[in-house]
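Peer 1: Here is a sequence together with a model predicted from it:
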Amino acid sequence: MTAARDSLNMPSMRLAILLLAAGEGSRLGGYPKALLKRGGESLLKRFYLSAQHLRPIEFKVVTGFYSEAIESEVRSLNQEAPDILLDCIRNPSPELGQSSSVRLGLESMKSEFDILMIALCDQPNIGAPEMESLLKQFSHRPPDQEMILPLVHGQRGNPVLFSKKVVDDILKIPGMVPRAYMDRHPGLVKTFETGNQAYILDVDTKTDIQKLGLDAV
């Protein structure tokens, strides 16, 4: 177990990550957000490198639109760092929206994880410190709370953490997705109130690309 995990006082907690990268990026002119670059590295790669030291036991990427391009990037990352393999699941109907990708991703998870992190591919400022802060919140949560939701000045952010128990409960309900489950069970949610804008900052438009110092080549 790594020092980073030990420092969170959660050496026995097994982490799985579900990264959503199935969107069309229509307001970007039809470009995969996961492959936007900063400093010569794709957002997908930057997130992957930030998460490596947490030693996830499963790391799943949901693709849809631009699946071949994103899956090619995943194959390259697996060749570079084969100790933590990324796995892809392709949404055959990404036009049905993010909820369909989330549900498909949940159904595809195979490991016996304790914590599931559901993350978005288009949040360029989410890095190791933000992930560690969420895991710390989980490790110190009250016993009756099973989900960690970052809130920035009242605005819901991402990534979000879910216990294995909650994921199992969601999967028992046909068509249920995490957002709707959270709304139905607010007492199970521990909100993490923070001023860190990284949790709500994402890429939606070409203006965002310029503003955030990203590159679409």
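Peer 2: Arrived safely.
Peer 1: Which residue ranges of the protein form helices?
Peer 2: If DSSP state H is used as the criterion, the helices of the chain fall at 3-7, 43-52, 67-80, 98-108, 128-139, 164-171, 178-184, 206-211.
Peer 1: To I17, which of those helices lies closest?
Peer 2: The stretch from the helices of the chain with the least distance to I17 (Cβ to Cβ) is helix 43-52; that distance is 6.0 Å. Quick note: C-beta positions are derived from backbone N, CA and C, even for glycine.
Peer 1: Mean confidence (pLDDT) on that closest one, please.
Peer 2: Model confidence over helix 43-52, given as mean pLDDT, is 95.
Peer 1: What is the neighbour count of I57?
Peer 2: Applying other Cβ atoms under 10 Å, we find 14 residues neighbouring I57.
Peer 1: next one: S72
Peer 2: By other Cβ under 10 Å, the residues close to S72 number 12.
Peer 1: So for it, what's the pLDDT?
Peer 2: Looking at S72, its pLDDT is 97.
Peer 1: The helices of the chain into JSON lines, with extra columns for distance to R90?
Peer 2: Below are the helices of the chain laid out as JSON lines (distance: least, Cβ to Cβ, whole Å):
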{"stretch": "helix 3-7", "distance to R90": "31"}
{"stretch": "helix 43-52", "distance to R90": "15"}
{"stretch": "helix 67-80", "distance to R90": "5"}
{"stretch": "helix 98-108", "distance to R90": "9"}
{"stretch": "helix 128-139", "distance to R90": "25"}
{"stretch": "helix 164-171", "distance to R90": "19"}
{"stretch": "helix 178-184", "distance to R90": "20"}
{"stretch": "helix 206-211", "distance to R90": "25"}
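Peer 1: in the protein, which helix or strand is least confident?
Peer 2: For the chain, scoring each helix and strand by mean pLDDT, DSSP states H and E identifies helix 3-7 as the least confident one, at a mean of 50.
Peer 1: Other residues contacting stretch 179-186?
Peer 2: The set of residues external to stretch 179-186 that reach it, using Cβ atoms under 8 Å, 6 or more residues apart in numbering, is 99, 102, 147, 149, 160, 166, 169-170, 173, 188-189.
Peer 1: Counting neighbours, which bits of that stretch end up buried?
Peer 2: Using 16 or more other Cβ atoms under 10 Å as the burial criterion, the residues of stretch 179-186 that qualify are 181-182.
Peer 1: And stretch 164-175, by the same measure?
Peer 2: With burial defined by 16+ other Cβ under 10 Å, the residues of stretch 164-175 counted as buried are 164, 166-167, 169-170.
Peer 1: for stretch 120-135, same thing?
Peer 2: Neighbour-count burial for stretch 120-135, counted by 16+ other Cβ under 10 Å, picks out 120-126, 130-135.
Peer 1: and the spatially most central residue of the chain, what does it touch?
Peer 2: For the chain, A119 is the residue whose C-alpha lies nearest the centre (Cα atoms, centre = their mean; 1.4 Å). A119 makes contacts with 17-20, 47, 126, 158-159, as judged by Cβ under 8 Å, 6+ apart.
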